[in-house]
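Novice: Predicted coordinates and the sequence they were generated for:
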Amino acid sequence: MQQPILSDKNQFPSEDIIFSHIGKAKSLWSSLFESIHTQYPDFSEEWRYYQDGKSWLLKVTRKKKTIFWLSITKGSFRTTFYFTDKAEESILTGPLSEEYKEQFRNGKRYNRIRGITICHTKRKDLEDAKILMEIKLLMK
């Protein structure tokens, strides 16, 4: 089994460390966070080390609402959004890519929520992440 990325509890994930892992996806990272800081200046970002997964995750929130979780992978990064069934119509009828609609339709349920994970490898992934952020903000 492959060693998890950012698995050293004592090594906070600085930009240098993150960029050394995500490589060419650095431009996607920069675009995502430039967009967030411009459009949603009230979003907060917090890195935490989680014992259960033995790695660092970035939690992005607005007030008490979690917008998404971000994890680092070799050559990329992933954002995961969790939604209740209330979001189903917005997700399935909106402009989201078909692969993510399918992921939501067939995704594993955790009580009343399902996740959509985007592995950021191309520009279109940023657009889908923005769509999911908007849907997340619309849900009460």
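Specialist: In hand now; what should we look at? Residues are numbered from 1 along each chain as shown.
Novice: which is the next helix or strand following whichever helix or strand Ile67 is part of?
Specialist: In this assignment (DSSP states H and E), Ile67 forms part of strand 65-73. Using DSSP H and E, the helix or strand that directly follows strand 65-73 along the chain is strand 76-84.
Novice: buried set for the helix or strand following that following strand?
Specialist: Later in the chain than strand 76-84, the nearest helix or strand by DSSP H and E is helix 88-93. The neighbour-count check on helix 88-93 (16 or more other CB atoms under 10 Å) flags 90-91 as buried. The way it works is simple: take the backbone N, C-alpha and C, and place the C-beta from them, glycine included.
Novice: Just give the nearest non-adjacent residue to Arg112, would you?
Specialist: Beyond its immediate neighbours in the sequence, the residue positioned closest to Arg112 (CB to CB, 6 or more residues apart in numbering) is Thr84, lying 5.3 Å away.
Novice: what does Tyr50 give?
Specialist: Leu57 (5.7 Å).
Novice: Isn't that neighbour up against Arg48?
Specialist: Yes: in terms of CB atoms under 8 Å, Leu57 counts as a neighbour of Arg48; the distance is 6.2 Å.
Novice: Of these two, which one has the most company?
Specialist: In this view Leu57 and Arg48 are compared by other CB atoms under 10 Å, and Leu57 has more residues nearby, 18 against 9.
Novice: Doesn't the more buried one lie inside a strand?
Specialist: Yes: under DSSP: H, G, I helix; E, B strand; the rest coil, Leu57 falls within a strand.
Novice: do you know how far it is from Asn106?
Specialist: Using CB to CB, to the nearest Å, Leu57 is found at 24 Å from Asn106.
Novice: do the same with Lys63
Specialist: When Lys63 is compared with Asn106 (using CB to CB), they lie 31 Å apart.
Novice: coming back round to it: list the buried residues for the strand holding Ile67?
Specialist: Applying a neighbour-count criterion of 16+ other CB under 10 Å, one finds 67-73 buried in strand 65-73.
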